[in-house]
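Participant: Here is my input, please return the structure:
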Amino acid sequence: MQKVRQHNRIQAILDILPQELSREIIRLGEGRASGLSGIREIRLRRGGLCSMTLENESIRLFSSLSDEESEELVSRLCRGAVYAHRDSIAYGYVSLDGGIRVGVCGKASYDGGRLIGISDMRSLVFRIPSGECAFADELYRTYLSGVGSGMLIYSPPGVGKTTALRALAKKLGSGKNRICVCVVDERCEFSEEDYEGCEVDILKGYKRDVGIEIATRTMSPDVIMIDEIGADDAEAILGAVRCGIPLVATAHASSAAEVMSKPSLKPLLACSAFELLVGISHADQGYSLRADRL
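Facilitator: Numbers count the residues shown, from 1 in each chain. The predicted model follows:
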C-alpha cells in the first residue's frame, strides 16, 4: 500500500511537469529497481541545470525548463491561483497533496523590512516524502524510554528530520499501546492517508504557535509534534508544557552542543521542554541515532 501511495505522489508531480521533462524522468525511473518510487527530489531551474535524486544518486536531466514552461508550472502548482499561495511562497515553498513540499527560489520583495512576496521564480525543488524511515523502531524505543518527556530531534538539513517525525507519529498512534498524537503541520507535509487507523490528528496549514495553542486547548493530545521550531514558537511550547503535554519537535543542528547554544532553544531547554535530544546523522550503513538525556 505504501509503495502505491508513493507512486501516486510522484505521478501527480509528473502530471504537471512539462512533457519532455516528465518523459525523461519516467525513462530514468523505469531503469532502476525501485522504479519511480525511488525518486526523492526533483530540482528544476529555468534555463539552467535540472536534476533529480533517484535511489540516493543525483542524476542530471538533459531536458530544460523554458520561461514559458516555468510560468505555467508555477500556475499549475497553485492550481491557477498564485495569489492564494502568496504567504507560503513568500516563505519559500508551495505545498502539494500527499505531503509534498516544493521549494521556491526567486526575487524577494520587501515592504518596510517585511518580506511580502517572491517574483520571477526561477528554481523549484520538489521534495517527496519517502514514507520509510530505516530507524523508526529505534526512534520509537528511544521515545518510550523517556515517556512523558519532551524530545527534540536534530540534524543538518536534508538528513531526515521530517521523515523521522512522520514515522514516529505513526508508531505512537498505532499498535496495541497507541497514544493520541496531534501534529501541527504548518507546511502541509503530513498526509492524512498515511495515518489511516491511527490515533493521529493533523492541524494542517496552521502557524506553529497557533496550532500548538489550539491542540493544547481543544484536542486533548498525549503528545504534540512540530517540525522545525523557531524562536517565535517558544511561548506556545511552554504553554503546552505547563499543561503537562509533552512535545516532539525538530530543529536544524549538527550536534547536541549546537542545539544547546542556539538562542532560540535555550529558554525551552532551561524549562525542560525537551529532556531528550536525538541526533540523526549519516553512517556507513545508512543512518545512526545519538540520544542524550538532559
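Participant: CA only for contacts and neighbour counts going forward, please
Facilitator: OK.
Participant: which residue ranges form the helices in this protein?
Facilitator: In the chain, the helices defined using DSSP state H lie at 2-16, 19-30, 67-77, 86-90, 136-145, 161-173, 208-214, 234-242, 256-261, 266-270.
Participant: so the first one versus helix 19-30, what angle?
Facilitator: With axes from the mean of the first three to the mean of the last three C-alpha atoms, to 10 degrees as the criterion, the two stretches helix 2-16 and helix 19-30 enclose an angle of 160 degrees.
Participant: Number of residues surrounding residue 293?
Facilitator: When neighbours are counted by other C-alpha atoms under 10 Å, residue 293 registers 11.
Participant: Identify the residue nearest it in space, chain neighbours excluded?
Facilitator: Leaving aside its sequence neighbours, residue 293 sits nearest to residue 276 (C-alpha to C-alpha, 6 or more residues apart in numbering; 4.7 Å).
Participant: Out of the helices of the chain, which is closest to residue 57?
Facilitator: Nearest of those to residue 57, taken as C-alpha to C-alpha: helix 19-30 at 11.8 Å.
Participant: pull the CA atoms of the closest one into CSV?
Facilitator: Output of helix 19-30 as CSV, limited to C-alpha atoms (Å, rounded to 0.1, in the frame of the first residue of the first chain):
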residue,chain,number,x,y,z
GLN,A,19,6.0,16.6,-21.1
GLU,A,20,9.7,16.5,-22.1
LEU,A,21,10.9,16.6,-18.5
SER,A,22,8.2,14.1,-17.4
ARG,A,23,9.2,11.6,-20.1
GLU,A,24,12.9,11.8,-19.3
ILE,A,25,12.2,11.2,-15.5
ILE,A,26,9.9,8.2,-16.3
ARG,A,27,12.6,6.7,-18.6
LEU,A,28,15.3,7.1,-15.9
GLY,A,29,13.0,5.7,-13.2
GLU,A,30,11.9,2.7,-15.2
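Participant: can you list contacts of it?
Facilitator: In this structure, residues lying in contact with helix 19-30 by C-alpha atoms under 8 Å, 6 or more residues apart in numbering are 14, 15, 35, 36, 38, 39, 54, 61, 63, 64.
Participant: From those residues, which land in strands?
Facilitator: Residues of the contacts of helix 19-30 located in strands (DSSP state E): 39, 54, 61.
Participant: Format those residues as a markdown table; extra columns: distance to residue 243 and neighbour count.
Facilitator: Listed next are these as a markdown table, based on distance: C-alpha to C-alpha, whole Å; neighbours: other C-alpha atoms under 10 Å:
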| residue | distance to residue 243 | neighbour count |
| --- | --- | --- |
| 39 | 42 | 25 |
| 54 | 44 | 21 |
| 61 | 51 | 17 |
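Participant: ok, those vs residue 219, which is closest?
Facilitator: Checking the ones in strands among the contacts of helix 19-30 against residue 219 by C-alpha to C-alpha gives residue 39 as the nearest, at 35.5 Å.
Participant: tell me which residues in stretch 35-48 are buried?
Facilitator: Neighbour-count burial for stretch 35-48 flags 35, 36, 37, 38, 39, 40, 41, 42, 43, 44, 45, 46 (criterion: 16 or more other C-alpha atoms under 10 Å).
Participant: and residue 196, what does it touch?
Facilitator: With contact taken as C-alpha under 8 Å, 6+ apart, residue 196 is in contact with no other residue.
Participant: Quick check: it vs residue 268, distance?
Facilitator: Distance of residue 196 to residue 268, computed by C-alpha to C-alpha, to the nearest Å: 33 Å.
Participant: Done for today, thanks.
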